[in-house]
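Undergrad: This is a predicted model, with the sequence first.
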Amino acid sequence: MAAIETEGLTKDFLVGFWRPRPYRALDALSLSVGHGEVFGFLGPNGAGKSTTLKLLMQLIYPTSGEARILGKPAGDVGVRRRIGFLAENPYYYDYLTAEEVLAYFASLYGLTGADVKTRVSAVLDEVGIGKERRMRLRQFSKGMLQRVGLAQAIMHEPDVVFLDEPMSGLDPIGRRQTRDLILRLKQRGCTVFFSSHILSDAEALCSRVAILAQGRLVATGALSDIVQLELKGWEIVAAHVPDELIARLRGRAATVTTLAEGRYMIQ
């Protein structure tokens, strides 16, 4: 039994005012994700990644097809207790502190008493929020709110975690901490399904990926097997290059762009 399965999952939206017509955001998606797998869901903006995650969370409902999580239909109450979800743009009551928001989520997950404080402190440490945990969320940057979202997604130690663009808004340190967090989840047997349009994130984390384009699944499998890179050229940034060499390169390179005095980008 797979951790996540979809069969022919399709979603149409009505667009237009006078004569609404269907727009197919997701077209017959069928895929399977194994237990304990870090699975990358890749594609450009507008490919249908967030639509898929919303369907899996039953924030919206499919036009046709079906989805199963842990062997049960998406939306099953018992399954909901075992999954975590980070939306692409998480939003919380901004007059609360990070500690207060996570304590609220901990209570929803059934934690009580001292267990709440202990678990909240542990997950805030895990996502890299220190003394800021007592600040109001209205004072947080987008990247800090993203960390709070990651913390609430793993608060109850779920079996399956869905992350929609988890690296969005994070600085380089935050991106590394998030990658480390995903790998720790994998080590404890958690299934992680995350969407991204950044190939390097998938290369660093995923055992398998699916690539979506214009709502359709175009490839799935190990990234090394499905991505065939055709070399188109090189891009070099160089400094302290003699003027006479730059003059020679201008006749041979596709472009030579001056970035600053004595510094060039050569394609």
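TA: It's in.

Undergrad: I'd like to check what contacts stretch 59-71. Which residues are they?
TA: Residues outside stretch 59-71 that contact it (C-beta atoms under 8 Å, 6 or more residues apart in numbering): 1-12, 28-30, 51, 54-56, 73-74, 76, 79, 82-83, 159-160. The C-beta positions use only the backbone N, C-alpha and C, and glycine is treated the same way.

Undergrad: Now, these that are in helices?
TA: 51, 54, 55, 56, 79 (DSSP state H).

Undergrad: Quick one: these as JSON lines, columns for distance to residue 64 and pLDDT too.
TA: Formatted as JSON lines, those follow (distance: C-beta to C-beta, whole Å; pLDDT from 0 to 100):
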{"residue": "51", "distance to residue 64": "14", "pLDDT": "93"}
{"residue": "54", "distance to residue 64": "16", "pLDDT": "93"}
{"residue": "55", "distance to residue 64": "11", "pLDDT": "94"}
{"residue": "56", "distance to residue 64": "15", "pLDDT": "94"}
{"residue": "79", "distance to residue 64": "21", "pLDDT": "89"}
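
Undergrad: show me where pLDDT drops low in the stretch 51-200 of the chain?
TA: In the prediction, the stretch 51-200 of the chain carries no residues with pLDDT under 70.

Undergrad: ok, which stretches of it are strands?
TA: 64-69, 72-73, 83-86, 160-164, 191-196 (DSSP state E, counting those that start in this stretch).

Undergrad: Of those strands, which is nearest residue 109?
TA: Closest to residue 109 of the strands of the stretch 51-200 of the chain is strand 83-86 (C-beta to C-beta; 9.6 Å).

Undergrad: Could you rank the ones in helices among the contacts of stretch 59-71 by neighbour count and give me the top one?
TA: Most neighbours among the ones in helices among the contacts of stretch 59-71, by other C-beta atoms under 10 Å: residue 55, with 26 neighbours.

Undergrad: separation between the closest residue in space to it that isn't next to it in sequence and residue 169?
TA: Nearest residue to residue 55, sequence neighbours excluded (C-beta to C-beta, 6 or more residues apart in numbering): residue 62, at 5.5 Å. Using C-beta to C-beta, to the nearest Å, residue 62 is found at 29 Å from residue 169.

Undergrad: so where do the helices sit in this structure?
TA: Under DSSP H, the chain gives helices at 49-57, 77-80, 98-108, 114-126, 142-153, 172-187, 199-205, 223-226, 243-250.

Undergrad: Could you export those helices as CSV, including distance to residue 164?
TA: Below are those laid out as CSV (distance: least, C-beta to C-beta, whole Å):
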stretch, distance to residue 164
helix 49-57, 5
helix 77-80, 17
helix 98-108, 17
helix 114-126, 19
helix 142-153, 9
helix 172-187, 13
helix 199-205, 13
helix 223-226, 20
helix 243-250, 43
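
Undergrad: Figure out which of those helices is closest to residue 90.
TA: So among the helices of the chain, helix 142-153 is nearest, using C-beta to C-beta, at 3.6 Å.

Undergrad: angle of the closest one against strand 160-164?
TA: Using axes from the mean of the first three to the mean of the last three C-alpha atoms, to 10 degrees, the inter-axis angle of helix 142-153 relative to strand 160-164 is 160 degrees.

Undergrad: I would like the residues contacting helix 142-153, please.
TA: Contacts for helix 142-153 (C-beta under 8 Å, 6+ apart): 84-87, 90-92, 98, 101-102, 105, 123-124, 126-129, 132, 137, 140, 161-163, 166, 168-171, 174, 178, 181.
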